[in-house]
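**Q** fold the following for me, if possible:
(one chain, ligands or ions: 1)
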Amino acid sequence: MSGPNSSFDPVEVAALSEEEVSRAVDAATAAFAAAATLEELKQARIDHAGDRSALALANREIGALPPQARKDAGQRVGRARGQVNQALAARQEVLEAEHEERMLAEETVDVTLPTTRRPRGARHPITLQSELIADIFVAMGWEIAEGPVVEAEWLNFDALNLGPDHPARTMQDTFWTEPADRHVVLRTQTSPVQARTMLTRQPPIYVACPGRVFRTDEYDATHSPMFHQVEGLVVDEGISMAHLKGSLDHLAARLFGEGIDTRFRPSYFPFTEPSAEVDVRCFVCRGVGSDACRTCRGEGWIEWGGCGVVNPRVLTACGVDPERYSGFAFGMGIDRSFMFRHGLEDLRPLFEGDVRFSAAFGTEI
Ligand code: DAH
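**A** This next block holds a predicted model:
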């Protein structure tokens with residue numbers, strides 16, 4: 001039998017001595033205090049409070065001690081571990097608070113800083129207005145016709161019964177292209193599309209043509225050298241002024257609101273006979289004509305365009321038999337319609353290309 005191991009005195013395990021234990025506590029609290037970030041604190045926790053820390057290893061020795069010594073060492077180590085955990089938790093709290101504060105500061109968004117985001121485009125209000133008008137006609141079963149903006153003088157004038165000496169020809173201030181003997185103009189109206197349509201197809205014809213037109217007008221609040229018209233043309237058997245009135249009333253109601261209709265005032269256009277100026281009932285005062293109404297300026301009605309029964313001379317010039325067919329036509333300003341629909345007093349913003357103007361009409365892409 002071998003005797004007791006005299007070199008091992010379980011009461012005197014060095015790691016459990018008071019000095020060692022308090023050194024471990026000091027080392028742990030110093031390491032926690034020195035940790036400047038949560039990352040560093042994590043490492044300090046592993047080193048000083050983890051499974052392989054000095055105190056954890058010392059703790060494992062306790063079981064081998066005799067009862068009294070085990071009790072003393074147990075209390076000592078337990079207290080020490082408690083202190084270490086407290087120091088750790090306190091430091092953790094401080095670092096977390098710092099971290100949060102830093103994140104809040106770093107992630108602050110200054111909503112007043114200029115943005116680098118580019119505004120997206122916006123569809124032009126006149127494009128949308130033209131499409132809306134086209135849709136109204138398409139819904140009635142009409143077709144949309146188009147013609148070139150650089151047009152033959154003959155189609156812009158002669159075919160429409162505006163002969164070379166016709167006084168109305170000088171009323172439309174025309175842009176001529178050079179050389180003059182080519183007889184090519186920038187179309188002054190969408191009416192040449194009437195002639196083009198009749199020359200290329202047989203009745204029944206039901207077409208609408210929105211498009212750009214040009215006149216040598218000064219550019220001001222109510223004039224522009226380029227503006228937009230929509231032309232309408234119907235050629236069929238038995239067509240009368242009543243069909244014209246019905247179609248325009250329908251367009252007015254769709255564009256300006258239910259119950260908004262039109263009235264005719266006698267007028268003259270070479271391509272229609274009889275001819276009329278068409279007014280649309282003021283959709284703000286509903287035709288009452290109150291002096292307070294800014295939209296119609298107390299008139300109750302707003303000038304809208306020209307119209308009439310297609311002159312048989314135009315039918316003949318375009319190869320349509322006037323004995324069999326009759327028709328009606330009209331033309332009105334799209335920009336004008338847009339202006340009074342939206343209470344715009346100056347048409348220039350429509351031509352100056354500021355996307356903020358377009359976007360204001362809810363037309364952002
Ligand atoms: N083209 C005419 C203008 O620009 C408007 C017009 C009047 C068109 C009568 C028509 C019409 O089709 O029948 O002033």
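
**Q** what sits against residue 346?
**A** Residue 346 makes contact with 221, 222, according to CB atoms under 8 Å, 6 or more residues apart in numbering. For glycine as for every other residue, the C-beta is placed from the backbone atoms N, C-alpha and C.

**Q** what of the one 5 residues further on?
**A** Residues near residue 351 by CB under 8 Å, 6+ apart: 224, 226.

**Q** okay, it and residue 82: tell me how far apart.
**A** Relative to residue 82, residue 351 is positioned 82 Å away (CB to CB, to the nearest Å).

**Q** for the helix or strand bottoming out on mean pLDDT in the chain, buried residues please.
**A** Lowest by mean pLDDT, DSSP states H and E among the helices and strands of the chain is helix 167-171, with a mean of 72. Buried residues in helix 167-171, counted by 16 or more other CB atoms under 10 Å: residue 169.

**Q** so that helix, near the ligand or not?
**A** No. Helix 167-171 stays clear of the ligand (CB under 6 Å from any ligand atom), getting no nearer than 8.8 Å.

**Q** residue of the stretch 151-300 of the chain closest to the ligand, please.
**A** Residue of the stretch 151-300 of the chain nearest the ligand, by CB to the nearest ligand atom: residue 189 (3.5 Å).

**Q** what's near enough to touch that residue?
**A** Neighbours of residue 189 in contact, by CB under 8 Å, 6+ apart: 156, 172, 213, 229, 231, 331.

**Q** confirm the last one sits in a strand?
**A** Yes. Membership of residue 331 in a strand is supported by DSSP: H, G, I helix; E, B strand; the rest coil.

**Q** next up, the contacts around it.
**A** If a contact means CB under 8 Å, 6+ apart, then residue 331 has 189, 190, 191, 229, 230, 231, 232, 305, 306, 307 as its contacts.

**Q** how many other residues sit next to residue 249?
**A** Each residue near residue 249 was counted by other CB atoms under 10 Å, and the total is 18.

**Q** how about it: what's its closest non-neighbour residue?
**A** In space, and not counting its chain neighbours, residue 249 is closest to residue 261: 4.5 Å by CB to CB, 6 or more residues apart in numbering.

**Q** A helix includes residue 337, no?
**A** Yes. Under three-state DSSP, residue 337 sits within a helix.
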